[in-house]
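> Using only what follows, build the 3D model:
(4 chains)
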Protein chains: 2
Amino acid sequence: MSKTTDRARDTYHVGNLAPQLISAARSMLEEVGPVKLSLRAVAERVGVSPTAAYHHYANRAELIGHLAAQGFDELAVALAARDRHGPGAETLRQSSLIYFRFARTNPALYQLMFGPEFFTGEMIPALQAARERAFGELRSTMAEVLTCPPDAPDVRRAARAAWSFTHGLASLVIHGVLQVPPNVPEDRFLESSLQGLEHLFAGKGVG
Amino acid sequence: MSKTTDRARDTYHVGNLAPQLISAARSMLEEVGPVKLSLRAVAERVGVSPTAAYHHYANRAELIGHLAAQGFDELAVALAARDRHGPGAETLRQSSLIYFRFARTNPALYQLMFGPEFFTGEMIPALQAARERAFGELRSTMAEVLTCPPDAPDVRRAARAAWSFTHGLASLVIHGVLQVPPNVPEDRFLESSLQGLEHLFAGKGVG
DNA sequence: GGCCTATCTTAACGTCGTCAAGATACTTAT
DNA sequence: ATAAGTATCTTGACGACGTTAAGATAGGCC
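Numbers count the residues shown, from 1 in each chain, chains lettered A, B, ... in the order given. The predicted model follows:
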């Protein structure tokens, strides 16, 4: 409540502008969406000139890149908090639910993380690393479930498959293509979708 | 090859500007991506003033909305061309492959179709309809596979699950998170990912 | 032939990302 | 302590963008 207004600031130098910009961007992200999030608006929110950000980030892409990296870090932390000691099936379900919940509570951030502004070629190193961290968490989950070494090809395939399913479900729900009925809790919805998969395999499906 | 240059046009009225704009937008989309695709650039490509488009589309959102609708229509057509007479498992695989291929051959269009510019609330009716058409194709595929009426809850769940998996896989590949090895054909890659799922269910996985 | 209206153009506004140049204040060496 | 040096922030400006308002052009209908 000190420097939100136009130019009411006590010190000329702000001090820790970089994290302030990120956090302002983070809070605005869910309001305006990943596309309309503007560097100028973020700077104004912090109470700083539009060009001040350029002394901390190369450009807008780098700023929102760090935002996406923060998202992957939070996702990795959330996934790491899974219960490793239950049966494998439960661990898997739980990780999937954690992933799904993260996407639904941070839809705009999620869309940014997997959005078209970053295709793998041109990513900030921090983002690349954070993404690798999150993916590593998923692979180690799979290794636990399958009781294999985490680099076994089976584990990689399983991780790919489970990630694809959960990511797809989350994306479609966020986009509004699929709807979670209001009275159905998230874990029930996820469970029901998993049953749909099972039905395909068990019945006259893919096998 | 007639009116691409600055203002070299024989007639003042163009005639069928609307489809020309769409097709120009479509061809530019895969070059610049869904975010950077600008109305002005599209107009310039057609050889027309930046504001000419406003006599055919309300704004940029509506233009790219029709672009996305065209994408869903093409996807629906492609899905409808599946072979309905083989065994159910094969039909399912085939539909999944068609979907996956569509996404990979039109990555930017695909990202636009499922991108954050349209969350279900604010969509052009044409887009809504085209999307429904594509989804309907998926559901009827599932009805064939499970030999159930297409509105059975089992079918809806199965469609949700299969769509989620394929959509997730396609999204992650397009984004670059997952990579299809260059010497592996698409159907092999998809098959391998399906096997990953199967492994989870068959082994000590979800069941 | 003359009006009507759809179609396209020019002009302009506000916002955006970004660069260049100047103002300010913290840091460090002397 | 003070002066130099540098990190930090500001002002000013440019081009591209989406969009609106007002004018030019021409095809359709009487």
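
> can we go C-alpha only for contacts and neighbour counts from here?
Noted.

> For A:Arg139, see how far away the nearest residue to A:Phe165 once chain neighbours are set aside is.
The shortest distance from A:Phe165 to any non-neighbouring residue, by CA to CA, 6 or more residues apart in numbering or on different chains, is to B:Phe165 (3.9 Å). Distance, B:Phe165 to A:Arg139, using CA to CA, to the nearest Å: 17 Å.

> Test my guess that the residue nearest to A:Phe165 contacts A:Ala170.
No: the pair B:Phe165 / A:Ala170 is not scored as a contact, 10.5 Å apart, by CA atoms under 8 Å.

> What's the local residue count around A:Val77?
Using other CA atoms under 10 Å in any protein chain shown, A:Val77 has 14 neighbouring residues.

> Mind telling me what element it is part of?
Assigned by DSSP states H and E, A:Val77 belongs to helix A:60-80.

> helices or strands next to that helix in the packing?
Contact here means 3 or more CA pairs under 8 Å, 6 or more residues apart in numbering or on different chains; DSSP states H and E; on that basis helix A:60-80 packs against helix A:17-36, helix A:88-105, helix A:107-113, helix A:125-146.

> neighbour-wise, which of B:Phe165 and A:Arg139 wins?
B:Phe165 (26 against 23).

> how close does the residue of chain A found nearest DNA strand C get to A:Gln20?
Taking CA to the nearest atom of the strand, DNA strand C has its nearest neighbour within chain A at A:Ser38, 3.1 Å off. Using CA to CA, A:Ser38 is found at 15 Å from A:Gln20.

> what about chain A, any weak spots by pLDDT?
A:1-8, A:10, A:12-14, A:203-207 (pLDDT under 70).

> Point out the residues in it that sit beside DNA strand C.
Counting by CA under 7 Å from any atom of the strand, the residues of chain A close to DNA strand C are A:11-13, A:37-41, A:50-51, A:58-61.

> give me that answer again for 6 Å
A:11-13, A:38-41, A:50-51, A:59-60 (CA under 6 Å from any atom of the strand).

> what's A:Ala126 in contact with, if anything?
Residues near A:Ala126 by CA atoms under 8 Å, 6 or more residues apart in numbering or on different chains: A:66, A:69.

> how close does it sit to B:Ala76?
A:Ala126 sits 39 Å away from B:Ala76, going by CA to CA.

> can you check A:Gly71 too?
Distance from A:Gly71 to B:Ala76, counting by CA to CA: 34 Å.

> returning to that earlier point: just the helices and strands packed on helix A:60-80: most buried one?
helix A:107-113 (a mean of 23; mean count of other CA atoms under 10 Å in any protein chain shown).

> That one packs against which elements?
helix A:17-36, helix A:60-80.

> Of all the ones you listed, which one is nearest DNA strand D?
Here helix A:17-36 is closest among the helices and strands packed on helix A:107-113 (CA to the nearest atom of the strand), at 5.0 Å.

> what is the orientation angle of the closest one with helix A:88-105?
90 degrees (axes from the mean of the first three to the mean of the last three CA atoms, to 10 degrees).

> Tell me the first helix or strand C-terminal of helix A:17-36.
Later in the chain than helix A:17-36, the nearest helix or strand by DSSP H and E is helix A:39-46.

> does that next one come close to DNA strand D?
No: with CA under 6 Å from any atom of the strand as the criterion, DNA strand D is not reached by helix A:39-46; the gap is at least 7.9 Å.

> Can you mark which positions in that helix are buried?
For helix A:39-46, burial by neighbour count (16 or more other CA atoms under 10 Å in any protein chain shown) applies to A:39-46.

> wait, isn't A:Val155 in contact with A:Ala143?
Yes: using CA under 8 Å, A:Val155 is in contact with A:Ala143, at 5.9 Å.

> list the residues that contact both of those two?
Taking CA under 8 Å, 6+ apart as the criterion, A:Val155 and A:Ala143 both touch A:Pro149.

> Need the residues that contact the helix holding A:Val77.
By CA under 8 Å, 6+ apart, helix A:60-80 touches A:22, A:25-26, A:38-39, A:57, A:95, A:98-99, A:102, A:109-110, A:112-113, A:117-118, A:123-124, A:126-131, A:133-135, A:137-138.

> Now with 7 Å, please.
Helix A:60-80 is contacted from outside by A:22, A:26, A:39, A:57, A:95, A:98, A:102, A:109, A:112-113, A:124, A:126-127, A:130-131, A:133-134, A:137, using CA atoms under 7 Å, 6 or more residues apart in numbering or on different chains.

> Same question for stretch A:24-31.
The contact list for stretch A:24-31, computed with CA under 7 Å, 6+ apart, reads A:37, A:42, A:45-46, A:67, A:108-109.

> Let's see that with 10 Å instead.
Under the contact criterion CA atoms under 10 Å, 6 or more residues apart in numbering or on different chains, stretch A:24-31 has outside partners A:19-23, A:34-39, A:41-46, A:63-64, A:67-68, A:70-71, A:105-110, A:112.

> Distance from the chain centre to that stretch, please.
Put simply, stretch A:24-31 sits 14 Å off its chain's centre (CA atoms, centre = their mean, to the nearest Å).

> Kindly report the same for stretch A:82-99.
On CA atoms, centre = their mean, the centre of stretch A:82-99 falls 18 Å from the chain's centre.

> How about stretch A:165-179?
Centre to centre, stretch against its chain (CA atoms, centre = their mean), the figure for stretch A:165-179 is 14 Å.

> do the same with stretch A:37-48
Computed by CA atoms, centre = their mean, the chain-centroid distance of stretch A:37-48 equals 23 Å.

> With stretch A:11-23 instead?
24 Å.

> With only the CA atoms kept, save that stretch in PDB.
Output of stretch A:11-23 as PDB, limited to C-alpha atoms (Å, rounded to 0.1, in the frame of the first residue of the first chain):
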ATOM      1  CA  THR A  11      13.000   6.000  -3.100                       C
ATOM      2  CA  TYR A  12      14.000   6.400  -6.700                       C
ATOM      3  CA  HIS A  13      15.500   3.000  -6.800                       C
ATOM      4  CA  VAL A  14      13.000   0.300  -6.100                       C
ATOM      5  CA  GLY A  15      15.500  -2.400  -5.000                       C
ATOM      6  CA  ASN A  16      14.000  -5.700  -5.900                       C
ATOM      7  CA  LEU A  17      12.000  -4.800  -9.000                       C
ATOM      8  CA  ALA A  18      12.600  -8.100 -10.800                       C
ATOM      9  CA  PRO A  19      10.500 -10.300  -8.300                       C
ATOM     10  CA  GLN A  20       7.900  -7.600  -7.900                       C
ATOM     11  CA  LEU A  21       7.400  -7.500 -11.700                       C
ATOM     12  CA  ILE A  22       7.000 -11.300 -11.800                       C
ATOM     13  CA  SER A  23       4.600 -11.300  -8.900                       C
END
